[in-house]
Every structure is written in C-alpha cells, then in structure tokens.
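A.B. asks: when you get a sec, could you give me coordinates for this:
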Amino acid sequence: SYPEVRRFVIDSFMEKSKNFEPFAAIAGVATGGIAHGALLADRLNLPFIYVRSKAKEHGRQNLIEGEL
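C.D. replies: Below is the predicted model:
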C-alpha cells in the first residue's frame, strides 16, 4: 500500500548489505522474509532463495526453495 515506505526499507537494506559483502545470494525466511528478500535480491541482481522452518511434508519435501 505504501511504495515510498517500501522503497525506504529496501534502500536501508541495500545500505546495510554493504557490511556483509561479498555474498552470492539473498535468503529470506518463510513467510515474512520472502517479500523483502525478493525485493532486495532484485535490486542487487542476485539469486533469491527462501528457507522454511521445516521441510514440506509433500512433493519434494524441500527445506530450501530456489537454486544456489
């Protein structure tokens, strides 16, 4: 609902991410960290993955979604 706030948050994450360089990907935690992590990964032009609190009980039973 608030693009200017979203930009502020991601700009702030961009600034803080400089303290952790170099890194090869951005990981977010499901589900709260997915949106912010995906936006940051997009801005940094890096791959994005997300980590579940526990593996899915069906399908491929992934704990991590995405490719590193």
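A.B. asks: quick check: next helix or strand after the biggest helix by length in the chain?
C.D. replies: Among the elements of the chain assigned as helix by DSSP state H, the one spanning the most residues is helix 3-17. Using DSSP states H and E, the helix or strand that directly follows helix 3-17 along the chain is strand 26-29.
A.B. asks: now do the buried residues in that following strand.
C.D. replies: Applying a neighbour-count criterion of 16 or more other CB atoms under 10 Å, one finds Ile26, Ala27, Gly28 buried in strand 26-29. Glycine gets a C-beta too; all of them are placed from N, C-alpha and C.
A.B. asks: residues contacting the helix or strand containing Arg43, please?
C.D. replies: The secondary structure element spanning Arg43 is helix 34-44 (assigned by DSSP H and E). Defining contact as CB atoms under 8 Å, 6 or more residues apart in numbering, one finds that helix 34-44 is touched by 6, 9-10, 13-14, 17, 25-28, 47-48, 50.
A.B. asks: buried set for that helix?
C.D. replies: Counting neighbours by 16+ other CB under 10 Å, helix 34-44 gives Ile34, His36, Gly37, Ala38, Leu39, Leu40, Ala41, Leu44 as buried.
A.B. asks: nearest to Gln61 among the residues you listed?
C.D. replies: For Gln61, the closest of these turns out to be Ile34, at 19.0 Å, with distances computed as CB to CB.
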